[in-house]
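Participant: Would you be able to build a 3D model of this:
(chains A, B and C)
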Amino acid sequence: MKKYKLSYIANLLKGSLFGEDIEITGVASIHNARRGDITFLFNKKFTELAVKSDASAFVVSEGIKLENKNTIVVKNPSYAQAVILNLFYHLREYTPQISNKAFVAESAKIDEKVTIMDFAYIDENATIENGSVIYPFVYVGRNVRIGKNVRIYPHAVLMDDTILGDNVIISPGAVIGSDGFGYAFDGTKYIKIPQVGRVVIEDDVEVGANTTIDRATIDQTQIGKGTKIDNLVMIAHNVNIGENCIIVGQVGIAGSAKIGNNAIFGGQVGIADHAEIGNNVMIAAQSGVSGKVEDGAKLAGTYAIDFKKWLKIQAILNDLPELKKKIEQILKGSQNGD
Amino acid sequence: MKKYKLSYIANLLKGSLFGEDIEITGVASIHNARRGDITFLFNKKFTELAVKSDASAFVVSEGIKLENKNTIVVKNPSYAQAVILNLFYHLREYTPQISNKAFVAESAKIDEKVTIMDFAYIDENATIENGSVIYPFVYVGRNVRIGKNVRIYPHAVLMDDTILGDNVIISPGAVIGSDGFGYAFDGTKYIKIPQVGRVVIEDDVEVGANTTIDRATIDQTQIGKGTKIDNLVMIAHNVNIGENCIIVGQVGIAGSAKIGNNAIFGGQVGIADHAEIGNNVMIAAQSGVSGKVEDGAKLAGTYAIDFKKWLKIQAILNDLPELKKKIEQILKGSQNGD
Amino acid sequence: MKKYKLSYIANLLKGSLFGEDIEITGVASIHNARRGDITFLFNKKFTELAVKSDASAFVVSEGIKLENKNTIVVKNPSYAQAVILNLFYHLREYTPQISNKAFVAESAKIDEKVTIMDFAYIDENATIENGSVIYPFVYVGRNVRIGKNVRIYPHAVLMDDTILGDNVIISPGAVIGSDGFGYAFDGTKYIKIPQVGRVVIEDDVEVGANTTIDRATIDQTQIGKGTKIDNLVMIAHNVNIGENCIIVGQVGIAGSAKIGNNAIFGGQVGIADHAEIGNNVMIAAQSGVSGKVEDGAKLAGTYAIDFKKWLKIQAILNDLPELKKKIEQILKGSQNGD
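Facilitator: This next block holds a predicted model:
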């Protein structure tokens, strides 16, 4: 059983400890914490639960007070959660080995410390570096390059020529390197434009379950270092996404769009083809964005505009039936009047 | 060949029979029905087709009249369709056996009457109860528990620790138990928050094709008994959905949202993180909902409001160009005027 | 190495050649083109890049001028791109053979020149015609019929009874023939309506990655000849889509909707159940459409209306805060006034 002094944990979290420096043996939610556990209280509405909880210690965000409890006050609750969960849990480990129930092409170059599980398929000239784990039913196409400490979860598909950096995580069912959606109309029917580019995913990127990232028509679709992509996201051909972006579930990014660094896109956002989004842009859930967007913009709406203005307009929309009546009254007055 | 008297069918449907008590040997659509078939007429626009049809009998909804035909009048057309199709069709049956082309960990506990087909992968300590069928290319992770009479269709992924009740259906390509989308920003980059919870799916739930349900950060993401989830739906970590909900295609439900019982969500609806939706709530397609929603509410709109009010506003929006002109006329009048 | 005279290429493209009739040995993007390459300039903003490029020839759209360079001027840029990429690249070829690591039911009828790769699963009575390629982890259900020169990419699922014409492309992870989303409420719970129809996909259709197309309740869900469907699209049961349609990523088409020929639907569009969309209809991204739509309509908006009118309304929405102020001023004036 793992054990850590509360002062050790407080130090890791860069937090302030109030109470006794007891020993912590586990972590649990505020609903299920027992004696010996540390738990989290980041939302005042759960204060009563905390008061009644058997937890031995509480990590709280600034401004939350818990009398007569051992608490660590932190500035960055998410960071505290990440650190503590990493203390008590470890990613499942596998012995490096290549299953004889997998298919691995002779020309593939697999480093010594790689795990390839049953029913994985590794095609010609693929390369996989040390520390990487390939789960069952993963398809690794021809010439695919996979860096160090990468995890490719079950049913992920890496089509030919895809390149992944180090520490990349590909969630189950994600498809990387499928053909871009490109056709030419010849007057009577659509002709497929061959998609001969590839996908390049830089270090520390995470790609969510059943997300799809299409290969470029000619050059490359690119996802910058440290960017995190949620489930069921669609990234079209030739898209270029910068570093440290957060792309939430079901976002769609159309062909050749260019996104800067540190973007945050809410769920179901749509980005039009050839849009150019600057750095540090935030886009509210379900918004639609096209054209050029300046650095630091915060946008909302189907035909997205400044977020604050959008909120104001939503409020007025709500008053619209009332407003219409007023206008009609005025008109009536001015017709009857003079 | 199956044969049923029309009176027997009418009785099953709790419907009223008009015409002769003939024998029915099959069921078909109104476009393709032949002699011996029973078919459905629930929409007046197909009445002419029905009149010309060779079908031997018609199930019609109340208010639809068909002269000189054998008809059963029913109050619940969907129910009638379900009952009749179940009479003439049966789910494909498989002999219980474990394929020697599947991988089944030694520590897995598989009941006697389970079917595990070629290329399935069952990891350590998984348990599968009687009557369940595991199709090819299904991944069943460590400690997964699968109840009785469950069907897991090809390419579904159940990540470690997932729990499924009885009679659950998991459609092709669905991913259950993938990591939630949780990161902490440490000032320069995003750090992954380990997702150490699980997914619990209660009895009689159906999950659509390529839908994804993420595991909880700590406790569990939960889907209540009898809830039906369509294709390409995204359910984030820590979400809790009640019983008998209908979640239509491409809906996205963000982290920690709580949904009551009997919800009906139209296609492409988005529910914001931490939203609290009461019981019996209906949300129109493409709407966005956040915050607290009372029991029985009917909502629509991106910034969702009462459905009837939303309809009124949509109508006014349509008049907006006209309305703007009027306001400008008034302003012009009052500036020129007195 | 392939070599083509520039005049030969110009002729193929039905374009006008300006400059020398040199030999072309490759094709690349304007960012990466080298000596011997032909490249594309369809957007004026890249003119400077073209001027500095080492490319030996440029395909330009009408109205773009490049002095002192070998150019082919074309009317249809996409068509030019398709033709040139097809000149220099060929789809990966496979030797026709059935892997002994695949499962192929004895009753399946596989033509002589078919490729079935490792870990593919072909169920009873399936038929596959010459020239088709079945990738690893593809599931081909019972009675499925696959035409000539079809490609089924890794992890695609074709459930029982699905029919594919010739030259169809099914992208990775697509699910064809999963159960439609149909339930009857019996007063206390939802009962599944058996989905006993099938999916029929005509010649020359392409289906994108992780897209899902549900089988019909009774008859068939149908996709017309030459229609192209992007990634993560949801097509519900009983839908009928005409020929040569373009359905962009994340579109959702609800049950029993009928779409004519030559439709173009932007990303994330939602089509309501039983909608009837005429021929040559264009719908802007993220719009929602229900009811009947006339031939040739161009629509936009959540409650979709004529596209031009929608644009006008969006502009007024933007002015709404200003407009509201004006109304309030008028009201104030008329109250204070007379």
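Participant: Identify the residues contacting A:E276.
Facilitator: A:E276 makes contacts with A:257-258, A:291-293, as judged by Cβ atoms under 8 Å, 6 or more residues apart in numbering or on different chains. Quick note: C-beta positions are derived from backbone N, CA and C, even for glycine.
Participant: Recalculate using a threshold of 10 Å.
Facilitator: Each residue near A:E276 by Cβ atoms under 10 Å, 6 or more residues apart in numbering or on different chains is listed here: A:240, A:256-260, A:290-294.
Participant: Phi first, then psi, for it.
Facilitator: Per-residue torsions, A:E276: phi -130, psi 100 (degrees, to the nearest 10).
Participant: Put the alpha carbons of whatever helix or strand A:V59 lives in into CSV.
Facilitator: Using DSSP states H and E, A:V59 falls within strand A:57-61. The C-alpha coordinates for strand A:57-61 follow below in CSV (Å, rounded to 0.1, in the frame of the first residue of the first chain):
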residue,chain,number,x,y,z
ALA,A,57,-7.8,15.1,4.3
PHE,A,58,-9.3,17.6,1.8
VAL,A,59,-7.7,19.5,-1.1
VAL,A,60,-9.8,22.7,-1.4
SER,A,61,-9.6,25.6,-3.8
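Participant: Looking at chain A, what residue ends up closest to chain B?
Facilitator: Residue nearest to chain B within chain A: A:S78 (3.6 Å; Cβ to the nearest Cβ).
Participant: How is that residue assigned, secondary-structure-wise?
Facilitator: helix (DSSP: H, G, I helix; E, B strand; the rest coil).
Participant: Mind checking the pLDDT average for the lengthiest helix in chain A?
Facilitator: Across chain A, the longest stretch assigned as helix under DSSP state H is helix A:307-336. Averaged across helix A:307-336, pLDDT comes to 76.
Participant: can you tell me if that helix touches chain B.
Facilitator: Yes. Using Cβ under 10 Å from any Cβ of the partner chain, we find that helix A:307-336 touches chain B at A:310-311, A:313-315, A:317-321, A:323-324, A:326-328, A:330-331, A:333-334.
Participant: mind listing what A:I305 touches?
Facilitator: Taking Cβ under 10 Å, 6+ apart, one finds A:287, A:289, A:297, A:299, A:313, C:314, C:317-318 in contact with A:I305.
Participant: thinking again about what came up before, how close does the residue of chain A closest to chain B sit to B:A184?
Facilitator: Computed as Cβ to Cβ, to the nearest Å, the A:S78 to B:A184 distance reads 4 Å.
Participant: Need the residues touching each of those two.
Facilitator: Between them, A:S78 and B:A184 share these contacting residues under Cβ under 10 Å, 6+ apart: B:190-191, B:193.
Participant: Compare the contacts of A:E276 and tell me which has the most neighbours.
Facilitator: A:I259 (27 neighbours; other Cβ atoms under 10 Å in any protein chain shown).
Participant: buried ones in stretch A:17-26?
Facilitator: By neighbour count on 16 or more other Cβ atoms under 10 Å in any protein chain shown, the buried set for stretch A:17-26 is A:17-18, A:24-26.
Participant: low-confidence ranges in the stretch 51-200 of chain A?
Facilitator: Applying pLDDT under 70 to the stretch 51-200 of chain A flags no residue at all.
Participant: how far does the longest helix of chain A sit from the chain's center?
Facilitator: Computed by Cα atoms, centre = their mean, to the nearest Å, the separation of helix A:307-336 from the middle of its chain amounts to 40 Å.
Participant: And chain C, is it touching that?
Facilitator: Yes. Using Cβ under 10 Å from any Cβ, helix A:307-336 reaches chain C at A:309-310, A:312-317, A:319-320, A:323-324, A:326-327, A:329-330, A:333-334.
Participant: Next, the angle from that helix to helix C:307-336.
Facilitator: Interaxial angle, helix A:307-336 versus helix C:307-336 (axes from the mean of the first three to the mean of the last three Cα atoms, to 10 degrees): 60 degrees.
Participant: Could you list every helix and strand in contact with helix A:307-336?
Facilitator: strand A:298-300, strand A:305-306, strand B:305-306, helix B:307-336, helix C:307-336 (3 or more Cβ pairs under 10 Å, 6 or more residues apart in numbering or on different chains; DSSP states H and E).
Participant: Now the ones you listed in CSV, please, with extra columns for distance to A:V140.
Facilitator: CSV is the format used below for the helices and strands packed on helix A:307-336 (distance: least, Cβ to Cβ, whole Å):
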stretch, distance to A:V140
strand A:298-300, 38
strand A:305-306, 44
strand B:305-306, 49
helix B:307-336, 48
helix C:307-336, 44
